[in-house]
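Visitor: kindly generate the corresponding structure for this input.
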Amino acid sequence: MNVLFKNIKELIQVRETSTNFLSGKEMSILPTIKNAFLLVENGIISDYGIMENCPEIDIKTIDAKGKMILPSWCDSHTHLVFAGNREDEFVDRINGLSYAEIAKNGGGILHSAKRLQQTSEEDLYNQSKIRLEEIIQLGTGAVEIKSGYGLSKNAELKMLRVIKKLKQNHSIEIKATFLGAHAVPLEFKDNKSGYLQMLIDDILPTIEKENLADFIDIFCETGYFSVDDTKQILKAGKKHGLVGKIHVNQFTAIGGIKAGIDNSVLSVDHLEEMRTEDIEVLKNTKTMPVALPSCSFFLSIPYTPARKMIKAGLPLALATDYNPGSTPSGNMNFVVSTACIKMKMTPEEAINAATINGAYAMNLLEKVGSITKGKLANLILTKEINSYNFIPYSFGNHCIEKVYLKGIEIKKA
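Guide: The predicted structure follows:
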């Protein structure tokens, strides 16, 4: 698709060259061009600049007067493929039950797994397709989707095949993660090591053969999987070509971050509970810390200490954690707002975390995350707004007018 955007009030996140992730003080710098043009050719950003240098060409032209353009959101942590919902647990939490108590009573991940196991692949795809198309309309142009609600060989592979089909049928950039080690299923209640071995021996070879995943993940948390379990899974995934990620430090800090660093994980996600030693071990690494503020909002648990981490010179990405139990929302606009409101990130830091750093956390930095020549034209066109500060300020009403993937406007179904 070829299109020329003219009279853009402000072109946001402009990077002359494909930059690496942003850390510490760098996160407060958000390059923009005011009164700009943006040229898209064959779905790729080919040129941009001030309006004085706008080319005179016969091409589809969009007048963006009073509006802004920024790269689409990069959501590096979701569980978007799931069956049904867990709204009953929402009421249980209102009535005072904790996440752990709900899980102990048969709810939580195991409840979602039981339902997913009983859902056909076609039905699961159709449910997930609706959610995917909804988040695209909310400005997401790249997304990672995890398995982990199957907890059996057939169901985990079913989830990964659904993700692969979503990728084939939609123009959004999608990365897949194998999260078989999300919880221990009831049939392995007293044999966690046997379950982990099943994941390694029975599922990983099929994933590699069918090219079903990019990453491997594990829930390293008290009551779920230990640091030793985490090391075992990450090493096994690496043998099958899967890059590591970890759910870690959500409720307790047990040393999982160091285990991740030792195994060269791409990202460590959640981080609601961060000790000084956890921050120290992340310094000068290539591992991206990922915060999930809408999870903290929904569960009423602490927020990732963004200010402390950025002050220490760390990078930070933002993602939704879209899932049926702890974050039933894939709205990255709300994530950016919540990061500013509750985590005291500046708008510049939050936008950087939700674009460039999110792209890095999915190994997609060469394709998306900034307005850079040669990258995909996955774009958000805002409504008429005064400044980009309005994006997080307007937390209840997103200010997106149109969404483009590879230069093509994605219209509501």
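Visitor: thought A317 was touching D75, still the case?
Guide: No. Shown here, D75 and A317 do not form a contact pair, counting by C-beta atoms under 8 Å, at 9.5 Å. Where C-beta positions appear, they are placed from N, C-alpha and C, glycine not excepted.
Visitor: more crowded one of these two?
Guide: With neighbours defined as other C-beta atoms under 10 Å, D75 and A317 compare such that D75 has more, 31 against 28.
Visitor: for the more buried one, grab phi and psi.
Guide: phi -100, psi 100 (degrees, to the nearest 10).
Visitor: quick check: which element contains A350?
Guide: For A350, the host element (DSSP states H and E) is helix 347-354.
Visitor: now swap in I380 and tell me
Guide: Going by DSSP H and E, I380 is in strand 379-384.
Visitor: who's in contact with that strand?
Guide: Outside strand 379-384, the residues that touch it by C-beta atoms under 8 Å, 6 or more residues apart in numbering are 5, 9, 38, 62, 64, 66-73, 139, 141, 391, 399-404, 407.
Visitor: show me which residues of that strand are buried.
Guide: 379-382 (16 or more other C-beta atoms under 10 Å).
Visitor: I'd like the average pLDDT over that strand.
Guide: Averaged across strand 379-384, pLDDT comes to 98.
Visitor: same question, stretch 150-166
Guide: pLDDT averaged over stretch 150-166 gives 97.
Visitor: what do you get for stretch 236-250?
Guide: 98.
Visitor: from one end of it to the other, what's the distance?
Guide: 24 Å (C-alpha to C-alpha, to the nearest Å).
Visitor: can you check stretch 111-125 too?
Guide: End-to-end distance for stretch 111-125: 19 Å, by C-alpha to C-alpha.
Visitor: now do the buried residues in it.
Guide: 111-117, 119, 124-125.
Visitor: now do stretch 235-252
Guide: For stretch 235-252, by 16+ other C-beta under 10 Å, it's 236-237, 240, 242-251.
Visitor: tell me which two of the residues you listed sit farthest apart.
Guide: Within the buried residues of stretch 235-252, two members stand farthest from each other by C-beta to C-beta: H240 and F251, at 29.2 Å.
Visitor: out of the buried residues of strand 379-384, flag the one nearest to F219.
Guide: Nearest to F219 among the buried residues of strand 379-384, with distances taken as C-beta to C-beta, is I380, at 31.8 Å.
Visitor: where's the closest one relative to V227, distance?
Guide: 40 Å (C-beta to C-beta, to the nearest Å).
Visitor: now flag whichever of the buried residues of strand 379-384 is closest to T32.
Guide: For these, with T32 as the reference and C-beta to C-beta as the criterion, the closest is T382, at 12.7 Å.
Visitor: quick check: bridge partners of the closest one?
Guide: Judged by DSSP bridges, the bridge partners of T382 are I400.
Visitor: host element of the residue of the chain most remote from its centre?
Guide: The outermost residue of the chain relative to its centre, with distances by C-alpha atoms, centre = their mean, is E56 at 38.3 Å. Under DSSP H and E, no helix or strand contains E56.
Visitor: what's near enough to touch it?
Guide: So, once contact is read as C-beta under 8 Å, 6+ apart, E56 ends up touching nothing.
Visitor: gap between stretch 74-81 and the chain center?
Guide: How far stretch 74-81 lies from its chain's middle: 4 Å, per C-alpha atoms, centre = their mean, to the nearest Å.
Visitor: can you give me the helices in the stretch 51-200 of the chain?
Guide: 87-94, 99-104, 108-117, 121-137, 153-169, 192-198 (DSSP state H, counting those that start in this stretch).
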